[in-house]
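Trainee: sharing a sequence plus its predicted fold:
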Amino acid sequence: MRFSASRLVGAIAAAAIVLHFSALPFVSATLAQSAEAVREEVVVATDSGEHRFNVEIADDPRERSLGLMFRRQMADDEGMLFDFGAEEPASFWMRNTYIALDMLFIKADGTIESIGERTTPLSEKSVQSRGPVRYVLEINGGLSDTLGIEPGDKVTGPAMEAP
(Lines give C-alpha, C1' and ligand atoms only; values in the text may rest on other atoms or scores of the structure.)
Protein backbone atom coordinates (compact mmCIF):
# COMPACT_ATOMS: atom_id res chain seq x y z
CA MET A 1 0.00 0.00 0.00
CA ARG A 2 1.35 3.42 -0.99
CA PHE A 3 0.87 6.54 1.13
CA SER A 4 1.34 9.98 -0.25
CA ALA A 5 3.08 12.61 1.84
CA SER A 6 -0.17 14.58 2.18
CA ARG A 7 -2.05 11.48 3.43
CA LEU A 8 0.69 10.79 5.96
CA VAL A 9 0.65 14.41 7.19
CA GLY A 10 -3.16 14.26 7.41
CA ALA A 11 -3.05 11.02 9.42
CA ILE A 12 -0.46 12.45 11.80
CA ALA A 13 -2.51 15.65 12.27
CA ALA A 14 -5.67 13.62 12.95
CA ALA A 15 -3.82 11.50 15.53
CA ALA A 16 -2.45 14.62 17.22
CA ILE A 17 -5.95 16.13 17.45
CA VAL A 18 -7.35 12.93 18.96
CA LEU A 19 -4.51 12.75 21.49
CA HIS A 20 -4.91 16.43 22.37
CA PHE A 21 -8.65 16.21 22.99
CA SER A 22 -8.41 12.84 24.76
CA ALA A 23 -6.08 14.50 27.28
CA LEU A 24 -8.61 17.25 28.13
CA PRO A 25 -10.50 15.19 30.75
CA PHE A 26 -7.15 14.33 32.37
CA VAL A 27 -6.09 17.99 32.41
CA SER A 28 -9.50 19.07 33.74
CA ALA A 29 -9.31 16.43 36.46
CA THR A 30 -5.81 17.59 37.39
CA LEU A 31 -6.90 21.22 37.70
CA ALA A 32 -10.00 20.24 39.69
CA GLN A 33 -7.82 18.12 41.95
CA SER A 34 -5.63 21.11 42.76
CA ALA A 35 -8.67 23.09 43.89
CA GLU A 36 -9.92 20.25 46.11
CA ALA A 37 -6.57 18.95 47.33
CA VAL A 38 -5.80 18.50 51.01
CA ARG A 39 -3.42 21.30 52.01
CA GLU A 40 -1.23 21.54 55.06
CA GLU A 41 1.62 23.71 56.22
CA VAL A 42 5.15 22.36 56.34
CA VAL A 43 8.09 24.20 57.82
CA VAL A 44 11.67 23.93 56.57
CA ALA A 45 14.10 24.89 59.35
CA THR A 46 17.41 26.24 58.01
CA ASP A 47 20.34 28.23 59.34
CA SER A 48 18.64 31.33 57.88
CA GLY A 49 15.35 30.66 59.72
CA GLU A 50 12.06 28.87 59.23
CA HIS A 51 10.39 28.82 55.83
CA ARG A 52 6.69 27.91 55.64
CA PHE A 53 4.97 26.31 52.65
CA ASN A 54 1.28 25.62 52.10
CA VAL A 55 1.46 22.24 50.35
CA GLU A 56 -0.86 19.84 48.62
CA ILE A 57 -0.51 16.30 49.94
CA ALA A 58 0.08 13.52 47.40
CA ASP A 59 -0.17 10.33 49.43
CA ASP A 60 -1.89 7.87 47.12
CA PRO A 61 -0.75 6.45 43.76
CA ARG A 62 -3.10 8.61 41.65
CA GLU A 63 -2.10 11.86 43.36
CA ARG A 64 1.58 10.96 43.18
CA SER A 65 1.36 10.12 39.46
CA LEU A 66 -0.34 13.46 38.64
CA GLY A 67 1.85 15.60 40.86
CA LEU A 68 2.14 19.14 39.53
CA MET A 69 1.55 18.19 35.89
CA PHE A 70 -0.08 20.79 33.65
CA ARG A 71 0.28 23.61 36.19
CA ARG A 72 1.61 26.83 34.72
CA GLN A 73 2.44 28.64 37.98
CA MET A 74 2.78 28.18 41.70
CA ALA A 75 3.21 30.79 44.44
CA ASP A 76 6.58 30.86 46.22
CA ASP A 77 4.94 29.77 49.49
CA GLU A 78 3.23 26.74 47.91
CA GLY A 79 4.36 23.25 46.99
CA MET A 80 3.46 19.60 46.89
CA LEU A 81 4.47 16.98 49.47
CA PHE A 82 4.68 13.40 48.25
CA ASP A 83 4.41 10.74 50.98
CA PHE A 84 5.45 7.21 50.01
CA GLY A 85 4.52 5.71 53.40
CA ALA A 86 7.98 4.18 53.88
CA GLU A 87 11.55 4.99 52.94
CA GLU A 88 12.49 3.97 49.40
CA PRO A 89 14.63 5.38 46.60
CA ALA A 90 12.65 8.11 44.80
CA SER A 91 12.81 9.06 41.15
CA PHE A 92 10.83 11.80 39.39
CA TRP A 93 10.61 13.25 35.90
CA MET A 94 9.10 16.46 34.58
CA ARG A 95 6.81 15.10 31.87
CA ASN A 96 3.89 17.52 31.40
CA THR A 97 5.27 19.73 34.20
CA TYR A 98 5.71 23.32 33.08
CA ILE A 99 7.17 24.76 36.29
CA ALA A 100 10.89 24.45 37.10
CA LEU A 101 11.04 22.81 40.52
CA ASP A 102 13.40 22.12 43.40
CA MET A 103 12.79 18.60 44.75
CA LEU A 104 13.65 18.15 48.41
CA PHE A 105 14.18 14.45 49.11
CA ILE A 106 13.35 13.90 52.79
CA LYS A 107 14.00 10.96 55.11
CA ALA A 108 11.28 9.62 57.44
CA ASP A 109 12.68 11.70 60.34
CA GLY A 110 12.25 14.93 58.34
CA THR A 111 15.92 15.37 57.41
CA ILE A 112 16.56 16.59 53.87
CA GLU A 113 18.67 13.85 52.28
CA SER A 114 19.36 15.59 48.95
CA ILE A 115 17.95 18.27 46.64
CA GLY A 116 17.24 18.13 42.92
CA GLU A 117 17.60 21.81 42.03
CA ARG A 118 16.04 23.74 39.17
CA THR A 119 14.60 20.79 37.27
CA THR A 120 14.00 21.28 33.56
CA PRO A 121 10.31 21.67 32.66
CA LEU A 122 8.90 18.94 30.37
CA SER A 123 12.10 16.85 30.64
CA GLU A 124 11.93 13.07 30.87
CA LYS A 125 15.37 12.92 32.49
CA SER A 126 15.18 11.21 35.88
CA VAL A 127 15.75 13.27 39.03
CA GLN A 128 16.64 10.88 41.85
CA SER A 129 17.24 10.83 45.56
CA ARG A 130 20.71 9.74 46.62
CA GLY A 131 19.25 7.16 49.01
CA PRO A 132 15.96 5.98 50.48
CA VAL A 133 13.47 8.73 51.41
CA ARG A 134 9.88 8.80 52.61
CA TYR A 135 8.89 12.26 51.34
CA VAL A 136 9.57 14.59 48.46
CA LEU A 137 8.70 18.27 48.75
CA GLU A 138 8.43 20.11 45.43
CA ILE A 139 8.80 23.89 45.53
CA ASN A 140 9.52 26.47 42.85
CA GLY A 141 12.90 26.06 41.17
CA GLY A 142 15.65 28.16 42.71
CA LEU A 143 13.95 28.65 46.10
CA SER A 144 16.30 26.21 47.84
CA ASP A 145 19.24 28.37 46.91
CA THR A 146 17.41 31.65 47.61
CA LEU A 147 16.23 30.49 51.06
CA GLY A 148 19.43 28.65 51.99
CA ILE A 149 17.77 25.21 52.13
CA GLU A 150 20.41 22.48 52.25
CA PRO A 151 20.72 18.73 52.85
CA GLY A 152 20.64 18.13 56.61
CA ASP A 153 17.93 20.77 57.23
CA LYS A 154 14.69 19.58 58.87
CA VAL A 155 11.15 19.60 57.50
CA THR A 156 8.15 19.29 59.83
CA GLY A 157 4.39 19.42 59.52
CA PRO A 158 1.20 17.55 60.42
CA ALA A 159 1.34 15.39 57.28
CA MET A 160 4.78 14.18 58.35
CA GLU A 161 3.78 13.14 61.86
CA ALA A 162 1.78 10.08 60.81
CA PRO A 163 3.46 6.72 61.42
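Mentor: Received, thanks. Just so you know, these numbers come straight off a predicted model, no measurement behind them.
Trainee: any weak-confidence spans in the protein?
Mentor: Applying pLDDT under 70 to the chain flags residues 1-37, 67, 162-163.
Trainee: hmm, 90 instead?
Mentor: 1-39, 57-71, 92-97, 120, 123, 158-163 (pLDDT under 90).
Trainee: ranges for the helices of it?
Mentor: Along the chain, the stretches classed as helices by DSSP state H are 5-36, 61-66, 143-147.
Trainee: contacts for stretch 117-135 next, please.
Mentor: Contacts to stretch 117-135, defined as Cβ atoms under 8 Å, 6 or more residues apart in numbering, come from residues 81-103, 105-108, 113-114, 116, 136, 141-142, 144-145, 155, 160. Placement of C-beta: from N, CA and C, glycine included.
Trainee: filter those down to just the ones in strands.
Mentor: In strands, defined here by DSSP state E, the members of the contacts of stretch 117-135 are 81-92, 101-103, 105-106, 113-114, 116, 136, 155.
Trainee: can you give me the domain boundaries for the chain?
Mentor: 1-36, 38-160 (automatic domain parsing).
Trainee: got CSV for those domains, with mean neighbour count too?
Mentor: Supplementary listing: the domains of the chain in CSV, determined by neighbours: other Cβ atoms under 10 Å:
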stretch, mean neighbour count
domain 1-36, 10
domain 38-160, 17
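Trainee: check the gap between K154 and L68 for me.
Mentor: Distance, K154 to L68, by Cβ to Cβ, to the nearest Å: 23 Å.
Trainee: try E161
Mentor: Separation of E161 from L68 (Cβ to Cβ) stands at 24 Å.
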